[in-house]
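Student: Model the following, please.
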Amino acid sequence: MRGRLIPLLALSSLLASFTGCAEPTPAPVDPGQVAIDLPSAKPTAPSLSADSILASVGFLADDAQQGRAPGTEADARVQAWIIERMQAAGLEPGGDDGFVQRFEVGDGARLREGQTSRFVATRGRVPGITHEIVPFGHDTGESGAIGRLVFVGHGLPGEGDDPGDFAGLELEGAIAVALLGAADPHAAPAKTRPQSKLIAARDRGAVGLVLWDPDTDTPWANHGQFSELEIPAVFVGKAGTEALRVALRLGKDAAPKLGASSRAPLELHTPIEPVVLTTANLLGVLPGSDPAETRKRVIIGAHMDHLGLGTSSSLAPGEHAIHNGADDNASGVAVVLELAAGLAKLSPEQRPHDLVFVTFGAEEMGLLGSKHMVEALPKSERARVLAMLNFDMVGRLRDQDALALNGTGSAKEWPALVEIANPTGDAQLKLAGTSDGWGPSDHASFYGEGVPVLHFFTGAHDDYHKPSDDLDKFDSEGAAAVGELAGRIVLALLDRSEPLTYVKVERASMGRTVFRVSLGTMPDYGREVDGMALSGVSEGGPAAAAGLQKGDVITRIGDRAVHNIDDYMACFGELEPGVAVEIEWTRDGATQTGELTPAAPRTK
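Tutor: Numbers count the residues shown, from 1 in each chain. As a prediction, this is how the structure comes out:
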């Protein structure tokens, strides 16, 4: 417990005046020379304005911001507004360029300037087939891939020696045509991914892939990091279905027959390039008053991006509409800004540690902003971080039985600190949540680096990742209550001089098992490398036993070269539990190899 301790001076000369009249009258005492122990004024937790929070969400979730997609004009407009709010609160710049910490993200593919894509027959009367480019495949350059079409059903790869949907099909030099999805609605997502279908076709000699959905014109969303997969790929929907049927020599209403093929070869030409966008994290700091060598940092953050007009993460597929994200996550940004303004009113003596307020970019693309911030921190700076508090979707408290406060098991001290900060009475909130520090939000980036975390979350709802997540359903009073609880927790952290005791918990597997092997690896989806970077390995798991560590980049498993996440996932269908293969990786620029023995997946 911190306090302002003033030494107590001896008052014997004063007391002596009361022992008898024989003593001479003492000289007057200068009050300035009498010291007493005065308790330092306890800081008061900030009271947050629900109206101010509502106004902030009103700006961030307005149609004018076009869903706050990273790298857009709206993204830049929102950043400028947040910086103004940080400055008004008295925060100091904490980024690389003022308040700004810029980074780049991949966002699909586009045609090269002046180029057009082609999907046409090289001879005969087959018309050009209407199609769309996708965020994976290959830049075919000046000329496209040429081959006959072969229909491969859903194009699902098998496991081991099982050929899957490719049984009996000859694909050498062909362009495979595969339906989206799978006939089995419960098929493993790892198999139904279009990229997995492409790799399976490529492994069998195909020179191109057509993804076909005859019932829709909504293509596979062209967003996210582009994946170079060596052969071109396009999507054909309802608009191109008639021409594709003609090319495959199918009747107008006949069900496609496995192995159906074109008589003449077709050209698939995709002169494409990756789209790279610039976005940013915004960092504002309230500096602490402790000496630099003992001062710690508390990071308080929320992501500011959302889904724009809809991405592959949208739960309203095919609906080209603004996703305003009032709850996800204009609510979190509004609370962080209001909390910053409230905590800025503390005197410097009441703020011994730095308070760092962050609005993250590109969270919806895979926690890219928070990962960038963590990776940019030198080890000495990471060690100074006392805790990270994350606000993601805190605008629906009135719709829930309790606030989900996740991460309470990420430090031994959290339960006691939270109990003190959430006393009985009108201000008390009913709490629920998971104890570990993982989860699909920015706090996980910090927890993976050894930082105790808390995630404030008012729960899922039917408007999640849909255009209907709008201001009319936002609970500003509840958001203010969540922020005030967080403010009391921050005060408890400011009162500490010792670090919290970090508790490491292995990342839990999500959902049912979809692979027949387990490698004990945690992919790092945020690093752009030639290979598959690892954000961690499970202690005692196959990867750790082979010698891999956090930060390594896998470049080969068995006979398969690994250039990206798609190559990495393709390996899972080829590995056998207990059957060792050679694995190759790079660490600090040096190539290493080891023996990897996959384990059978754990089931729960």
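Student: Name all residues that make contact with R382.
Tutor: 374, 449-451 (CB atoms under 8 Å, 6 or more residues apart in numbering). Quick note: C-beta positions are derived from backbone N, CA and C, even for glycine.
Student: measure it to Y502 for me?
Tutor: R382 sits 12 Å away from Y502, going by CB to CB, to the nearest Å.
Student: shared neighbours, these two?
Tutor: 450-451.
Student: Turn the contacts of R382 into CSV, columns for distance to T279 and neighbour count.
Tutor: Shown next, in CSV, are these (distance: CB to CB, whole Å; neighbours: other CB atoms under 10 Å):
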residue, distance to T279, neighbour count
V374, 16, 21
E449, 21, 19
G450, 26, 13
V451, 23, 24
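Student: Farthest-apart pair in those residues, please.
Tutor: Within those, two members stand farthest from each other by CB to CB: V374 and G450, at 10.3 Å.
Student: In which helix or strand does N390 reside?
Tutor: Per DSSP states H and E, N390 falls inside strand 385-391.
Student: Please list the residues outside that strand that contact it.
Tutor: 296-302, 329, 331-333, 335-336, 353, 377, 411, 441-443, 446-447, 451-456, 482-483, 486, 489-490, 493, 496, 499-500.
Student: What subset of the residues you listed is buried?
Tutor: Neighbour counting over these (16 or more other CB atoms under 10 Å) leaves 296-302, 329, 331-333, 335-336, 353, 377, 411, 441-443, 446-447, 451-456, 482-483, 486, 489-490, 493, 496, 500 as the buried ones.
Student: so of the contacts of R382, which ones are in helices?
Tutor: V374 (DSSP state H).
Student: Show me the contacts of strand 385-391 that map onto strands.
Tutor: Among the contacts of strand 385-391, DSSP state E puts 297-302, 453-456 in strands.
Student: Looking at the residues you listed, which is nearest A167?
Tutor: So of these, ranked by how close each gets to A167 (CB to CB), first place is H455, at 46.5 Å.
Student: Might one say that the closest one is in contact with W438?
Tutor: No: because the distance of 9.5 Å does not satisfy CB atoms under 8 Å, H455 is recorded as not touching W438.
Student: Run through the neighbouring helices and strands of the longest helix belonging to the chain.
Tutor: Ordering each helix of the chain by length in residues (DSSP H) puts helix 476-494 first. Identification of packing neighbours for helix 476-494 by 3 or more CB pairs under 8 Å, 6 or more residues apart in numbering; DSSP states H and E yields helix 50-60, strand 297-303, helix 331-343, strand 385-391, helix 414-421, strand 453-457.
Student: what's the closest of the ones you listed to G531?
Tutor: strand 297-303 (27.1 Å).
Student: quick one: the closest one to chain centroid distance?
Tutor: Relative to its chain's centre, strand 297-303 lies at 15 Å (CA atoms, centre = their mean, to the nearest Å).
Student: next one: stretch 52-65
Tutor: How far stretch 52-65 lies from its chain's middle: 22 Å, per CA atoms, centre = their mean.
Student: now stretch 59-71
Tutor: 18 Å.
Student: For that stretch, give the mean pLDDT please.
Tutor: The average of the pLDDT scores along stretch 59-71 is 98.
Student: How about stretch 572-583?
Tutor: Average pLDDT, stretch 572-583: 91.
Student: Just the CA atoms of it, as CSV, please.
Tutor: Extracted in CSV, the C-alpha atoms of stretch 572-583 (Å, rounded to 0.1, in the frame of the first residue of the first chain):
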residue,chain,number,x,y,z
PHE,A,572,-2.4,-32.1,-41.4
GLY,A,573,-4.1,-34.4,-43.9
GLU,A,574,-0.8,-36.1,-44.7
LEU,A,575,0.6,-36.8,-41.3
GLU,A,576,0.0,-39.9,-39.2
PRO,A,577,0.0,-40.0,-35.4
GLY,A,578,3.2,-41.6,-34.1
VAL,A,579,4.9,-41.6,-37.5
ALA,A,580,8.0,-39.3,-37.5
VAL,A,581,8.8,-36.9,-40.3
GLU,A,582,11.5,-34.4,-40.8
ILE,A,583,10.6,-30.8,-40.0
